[in-house]
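Engineer: test case, fold it:
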Amino acid sequence: MRYATIDLAAVTRNIEAMRALVGPASTMAVVKANAYGHGAVPVARAALEGGADWLGVVDLDEALELRAAGVEAPVFAWLHDPAADFDVAVEHGIDVGVSYLDQLERAAAASGRPSVHLKVDTGLGRNGIAPADWPAVFAAARAHESAGRLEIRGLWTHLAGADDDAQLDRFDDARAAAAAAGLEPEFVHVGATGAALRNPRARLDLVRLGIGTYGISPFDDTDAAGLALTPVMTLSATVVSSKRVAAGTGVSYGHDYVTDRETTLVLVPLGYADGIPRHASSRGPVSINGTTYRVAGRVAMDQFVLDVGDDVVSVGDRAILFGDPSTGVPSVDDWATAAGTINYEIVTRIGNRVKRVYAGPTPPVPARGEAS
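Structural biologist: Reported below is the predicted structural model:
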């Protein structure tokens, strides 16, 4: 009943489009969080088809999922359990992010020679080596590298905004401090999609392409089409009920919505258990047979209702919540606005009960839930 149709050819085209803009920087397609809800393995393959040089994930478990599926491209994982086993990273050729001295020491103690990207905090205030600690950590990193215990392959940071020149200035300071300590990382990287597309200063050796891979804009003032990107996910479900009701009929819990005339109510089997935001109650847009309606009343755990008036909507018709707006359907941005959130959250929260259906340049993969 519930489908997230994933256009893998669009993934490939999106990577190609962004690579053409950010070159000669290398590109990392970020496929963390099950590829923002799209399916990590098939999206990774499609991104590599588009020329991505690297794949980015958040932790070692996500990296191992790619390796188990036979993906051999360079993979970078950057957020770790304090007790993370870096031997696993060495065994499977996974580059790791390191954000503080004790974590560096754990990496240096691993069997083999892990490839490390030192993360510096330049003002986002999340993980990363604080400026006061740069000299000590860089010195330790150089000592471990000289002793053959690890390789400092990267130096990186994460920006709070695409145009944060103050952070870029601090990153220049970090690069100078690393060089003074004798570190010569192969990859110096800062820009995610927003900075990669709009701030040439943030491109450097490598850019991390997250939301843009999925054909979604990171900007408030430009949509995907304005960036020459194609939305990858179309979320839809089969109408499972259609019935005429009288004026004054209450709809869904609490009767927040009451019909003001005789009308037709249809039921769509998607709810907050599937990632449909309850905050979009009475606001979320849905297209059926070329007409867009709004959710009538509250989104429930498994379903919501549409008031379609006198239009003919039958059981079995397809209700499209979002997709490529160039086809006349609502966009993921429309749903983000309806829910008072960001487009990233809308796609990433789509649950495992929604069947992923893949089309595009890569072989079929298991469709339900986490693809592998």
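Engineer: in this structure residue 114 contacts residue 90, no?
Structural biologist: Yes - look at residue 114 against residue 90 with CB atoms under 8 Å: they come within range, at 5.1 Å. Placement of C-beta: from N, CA and C, glycine included.
Engineer: the helices in the stretch 1-150 of the chain, which residues?
Structural biologist: For the stretch 1-150 of the chain, applying DSSP state H, counting those that start in this stretch gives helices covering 8-22, 32-36, 40-49, 60-68, 86-91, 101-108, 134-146.
Engineer: what's the closest of the ones you listed to residue 201?
Structural biologist: Nearest to residue 201 among these is helix 8-22 (11.9 Å), distances taken as CB to CB.
Engineer: who touches that closest one?
Structural biologist: Defining contact as CB atoms under 8 Å, 6 or more residues apart in numbering, one finds that helix 8-22 is touched by 27, 29, 38, 42-43, 45-47, 49-52, 191, 193, 196-197, 203, 207, 209, 212-215, 227-232, 358-362.
Engineer: from the chain's centroid, how far away is that helix?
Structural biologist: Mean-position distance between helix 8-22 and its chain equals 15 Å (CA atoms, centre = their mean, to the nearest Å).
Engineer: please apply the same query to stretch 231-238.
Structural biologist: For stretch 231-238, the distance to the chain centre is 16 Å (CA atoms, centre = their mean).
Engineer: export that stretch as PDB, just CAs?
Structural biologist: The C-alpha trace of stretch 231-238 is given here as PDB (Å, rounded to 0.1, in the frame of the first residue of the first chain):
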ATOM      1  CA  PRO A 231      14.200  15.000  -6.600                       C
ATOM      2  CA  VAL A 232      14.900  11.300  -6.100                       C
ATOM      3  CA  MET A 233      12.000  10.100  -3.900                       C
ATOM      4  CA  THR A 234       8.300  10.000  -4.700                       C
ATOM      5  CA  LEU A 235       6.200   9.000  -1.700                       C
ATOM      6  CA  SER A 236       2.800   7.600  -2.400                       C
ATOM      7  CA  ALA A 237       0.100   5.200  -1.100                       C
ATOM      8  CA  THR A 238      -3.000   3.500  -2.400                       C
END
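Engineer: run through the stretch 251-372 of the chain and note the low-pLDDT ranges.
Structural biologist: By pLDDT under 70, the low-scoring segments of the stretch 251-372 of the chain are 361-372.
Engineer: so which residues of it form helices?
Structural biologist: Taking DSSP H, counting those that start in this stretch as the test, the helices found in the stretch 251-372 of the chain are 332-339, 343-348.
Engineer: now render those helices as a markdown table, adding distance to residue 155.
Structural biologist: Listed next are the helices of the stretch 251-372 of the chain as a markdown table, based on distance: least, CB to CB, whole Å:
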| stretch | distance to residue 155 |
| --- | --- |
| helix 332-339 | 33 |
| helix 343-348 | 26 |
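Engineer: of all these, which one comes closest to residue 74?
Structural biologist: Between those, helix 343-348 lies closest to residue 74; by CB to CB that is 23.5 Å.
Engineer: before we move on, back to that, residue 114 and residue 90: which has the busier surroundings?
Structural biologist: Taking neighbours as other CB atoms under 10 Å, residue 114 and residue 90 compare with residue 114 leading, 25 against 18.
Engineer: from residue 338, how far out is residue 268?
Structural biologist: Distance, residue 268 to residue 338, using CB to CB, to the nearest Å: 15 Å.
Engineer: so which of these two has more stuff around it?
Structural biologist: Applying other CB under 10 Å to residue 268 and residue 338 shows that residue 268 carries more neighbours, namely 28 against 20.
Engineer: now do the contacts for the more buried one.
Structural biologist: Going by CB under 8 Å, 6+ apart, residue 268 touches 237, 239, 240, 286, 303, 304, 305, 306, 319.
Engineer: just give me the neighbour total for the residue lying closest to residue 80 once chain neighbours are set aside.
Structural biologist: Distance criterion CB to CB, 6 or more residues apart in numbering; nearest residue to residue 80, sequence neighbours excluded, is residue 59 at 6.4 Å. By other CB under 10 Å, the residues close to residue 59 number 15.
Engineer: and the pLDDT at residue 230?
Structural biologist: pLDDT for residue 230: 98.
Engineer: quick one: it is in a strand?
Structural biologist: No - remark: residue 230 does not belong to a strand; assigned using DSSP: H, G, I helix; E, B strand; the rest coil, it is coil.
Engineer: next, count neighbours for it.
Structural biologist: Other residues lying near residue 230 total 20 when counted by other CB under 10 Å.
Engineer: ok, it to residue 292 distance?
Structural biologist: 20 Å.
Engineer: with residue 153 instead?
Structural biologist: 49 Å.
Engineer: neighbour count winner among the two?
Structural biologist: Taking neighbours as other CB under 10 Å, residue 153 and residue 292 compare with residue 153 leading, 18 against 14.
Engineer: so where do the strands sit in the stretch 201-350 of the chain?
Structural biologist: With DSSP state E, counting those that start in this stretch as the criterion, the stretch 201-350 of the chain has strands at 206-209, 233-238, 241-245, 250-251, 257-258, 263-268, 285-288, 291-296, 304-309, 318-322.
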